[in-house]
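Student: Predicted coordinates and the sequence they were generated for:
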Amino acid sequence: MSGTEDGEKPQKPVQSPPSAPPAPDVESRAPAGSGLGVSAIVRRGRRDDLIRKGSLVLRGLALLFSLLAFIIMASNKHGDWKDFDKYEEFRYLLAISILATLYTGAQALRHVHQISTGQELFQRQTSALIDFFGDQVVAYLLISAASTAVPMTNRMRDNVDNLFTDCLAASISMAFFAFLALALSALISGYKLSSQSYI
């Protein structure tokens, strides 16, 4: 007779406890586009580094062009009517070139300090605001000064084309290039400002 016929209860097979599913890695746990994965953090770090270096390059170019505009205009004195300081438009361009040189020089030094030491002189949000508004104001002043000096320079070049008018045109061109560099820098500053967390 079998064990069941003798009144013994059939034995249930012993089941092992269910094993816990393997823990997903950080990247699979993070929803797509959340930026919580390791690769997303690395990508963001590289992007931030590229933005910092690109901003420094643009400010360095703006510094170079505004300095050249200032030097060329300040040295454009050849006697009689060929002195820049006898014309209000050219004095305005000189003043704005000096202002742009000081601003971009200070900003370039701040960026060099930040990249070399990893520390910021101001809070991140304050720096982003200064960059955004400062770039826009100085860029506007540069294009304003350049566009003010163009009509007078064109009238002079219609009558006579000499070293004086050539220097005027060169200084205006440098101011325009400085405006372009600062305008691109203002776009980067706007992106940095919009990506700040205010919570």
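Tutor: Great, that's in hand.
Student: From here on, just use CA atoms for contacts and neighbour counts.
Tutor: Fine.
Student: Quick check: phi and psi at Lys77.
Tutor: phi -130, psi 110 (degrees, to the nearest 10).
Student: for Ser75, same thing?
Tutor: Per degrees, to the nearest 10, the backbone of Ser75 is at phi -90, psi 0.
Student: neighbours around it, how many?
Tutor: By other CA atoms under 10 Å, 12 other residues sit near Ser75.
Student: residue contacts, it?
Tutor: Residues near Ser75 by CA atoms under 8 Å, 6 or more residues apart in numbering: none.
Student: Now do it, the pLDDT please.
Tutor: If you check Ser75, the pLDDT there is 92.
Student: cool, and Leu63?
Tutor: pLDDT for Leu63: 94.
Student: just Met152 next, same as before
Tutor: Value for Met152, per-residue pLDDT: 90.
Student: Work out for me the element it sits within.
Tutor: helix 124-159 (DSSP states H and E).
Student: quick one: contacts for the closest residue to Leu67 other than its chain neighbours?
Tutor: If the residues on either side of it in the chain are set aside, Leu67 comes closest to Thr101, at 5.6 Å by CA to CA, 6 or more residues apart in numbering. Residues near Thr101 by CA under 8 Å, 6+ apart: 62-64, 66-67.
Student: Can you list which of the residues you listed are found in helices?
Tutor: 62-64, 66-67 (DSSP state H).
Student: what's the average pLDDT for the helix or strand harbouring the residue nearest to Leu67?
Tutor: Assessed by DSSP H and E, Thr101 sits inside helix 88-117. Mean per-residue pLDDT for helix 88-117: 91.
Student: picking that back up, nearest to His113, of the ones in helices among the contacts of Thr101?
Tutor: Distance to His113 across the ones in helices among the contacts of Thr101 (CA to CA) is lowest for Leu63, with 16.4 Å.
Student: who touches stretch 60-74?
Tutor: 84, 90, 94, 97-98, 100-101, 104-105, 108, 167-168, 170-175, 177-179, 181-182.
Student: now do 6 Å
Tutor: Contact with stretch 60-74 is made by 94, 97, 101, 104-105, 171, 174-175, 178, 181, as judged by CA atoms under 6 Å, 6 or more residues apart in numbering.
Student: do the same with stretch 84-98
Tutor: Looking at what lies outside stretch 84-98 - CA under 6 Å, 6+ apart - the contacts are 66, 70, 145, 149.
Student: Would you point out the most distant pair within the ones in helices among the contacts of Thr101?
Tutor: Largest pairwise distance in those, by CA to CA, is 8.3 Å, between Ala62 and Leu67.
Student: Between those two, point out the one with more neighbours.
Tutor: Ala62 (30 against 25).
Student: What ranges in this protein fall below the confidence cut-off?
Tutor: Scanning the chain for pLDDT under 70 picks out 1-37, 40, 42, 44-45, 47, 122, 196-199.
Student: how does it look with 90?
Tutor: Within the chain, the segments meeting pLDDT under 90 span 1-56, 76-87, 108, 110-132, 155-165, 186-199.
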